[in-house]
Structure formats: C-alpha cells, structure tokens
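J.: predicted structure and sequence below. I'll ask about it afterward.
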Amino acid sequence: MSLWLAVVAAGVGCYALKLAGLSVPESVLDRPYVRRATELLPVALLAALIAVQVLADGPRLVIDARLAGLGAAAVALLLRAPFLVVVVVAAATAALLRALGLP
C-alpha cells in the first residue's frame with residue numbers, strides 16, 4: 001500500500017508543480033533575469049545528469065570508457081554531426097575501449 005501512496009503523492013506533487021508554474025504572473029516571467037534563468041536551467045540540469053551518469057558508480061567517482069565516449073560525442077558535436085551519429089560514435093567508442101579491456 002505504501003508504494004501506491006508514494007505513486008499517488010508523486011502524481012499530485014507533479015500536478016501541483018505544473019499548476020504553480022502556470023499560475024506565475026506574466027510580469028514575473030518578462031523580467032530579463034528570470035527569462036535568462038529559465039533558458040539556462042534545462043541546460044544545467046542536463047549537464048548535471050550527464051556528469052552523474054558518466055562519472056559516478058554508486059557513491060564512487062570513476063573514470064572509465066564512458067568518459068571517453070562522452071569525449072568522442074563532444075568531438076562529433078563540434079564537427080556538427082547529426083544526433084544519431086553522435087550517439088553511435090559515443091557508444092562505439094565506449095564499447096571498443098571496453099572490448100580492449102579498459103574499464
């Protein structure tokens with residue numbers, strides 16, 4: 001029963017958060033620093049999620065083939081490769097390094 005309570009509570013919380021965002025007055029959203037923060041916040045959150053997925057193994061900080069894959073993806077992005085190519089390059093780099101015996 002506690003699992004369903006947590007699911008319902010999370011759903012209500014998500015709905016309340018969405019409602020709170022929709023009820024913010026337009027005058028607040030038109031402020032330059034609020035607009036800048038709302039433009040940069042998704043980028044910062046995505047970067048943090050990527051860093052955690054690439055550099056963390058539980059509570060430990062690790063450097064392994066995932067970091068090399070991220071580097072290869074960054075190079076592919078700098079070369080203006082399409083998104084699918086970036087993903088394939090990153091996965092292939094990490095897989096190749098792991099096949100060669102690197103962690």
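T.: Received it, and whenever you're ready, just let me know what you need.

J.: may I have stretch 25-38 exported as PDB, CA atoms only?
T.: C-alpha atoms of stretch 25-38 as PDB (Å, rounded to 0.1, in the frame of the first residue of the first chain):
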ATOM      1  CA  PRO A  25       2.100  36.100 -13.400                       C
ATOM      2  CA  GLU A  26       3.300  37.200 -16.900                       C
ATOM      3  CA  SER A  27       5.000  40.300 -15.400                       C
ATOM      4  CA  VAL A  28       7.400  38.000 -13.400                       C
ATOM      5  CA  LEU A  29       8.200  35.900 -16.500                       C
ATOM      6  CA  ASP A  30       9.000  39.000 -18.500                       C
ATOM      7  CA  ARG A  31      11.900  40.000 -16.300                       C
ATOM      8  CA  PRO A  32      15.300  39.600 -18.000                       C
ATOM      9  CA  TYR A  33      17.000  37.600 -15.300                       C
ATOM     10  CA  VAL A  34      14.000  35.300 -14.900                       C
ATOM     11  CA  ARG A  35      13.900  34.700 -18.700                       C
ATOM     12  CA  ARG A  36      17.700  34.100 -18.700                       C
ATOM     13  CA  ALA A  37      17.400  31.600 -15.800                       C
ATOM     14  CA  THR A  38      14.600  29.700 -17.500                       C
END
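
J.: and stretch 64-78, which residues are buried?
T.: When burial is assessed from 16 or more other CB atoms under 10 Å, stretch 64-78 yields the following buried residues: Ala65, Arg66, Ala68, Gly69, Leu70, Ala72, Ala73, Ala76. For glycine as for every other residue, the C-beta is placed from the backbone atoms N, C-alpha and C.

J.: can you list contacts of the longest helix seen in the chain?
T.: In the chain, with assignment by DSSP state H, the single longest helix is helix 32-55. With CB atoms under 8 Å, 6 or more residues apart in numbering as the test, helix 32-55 has contacts from Val28, Leu29, Leu61, Val62, Ile63, Arg66, Leu67, Gly69, Leu70.
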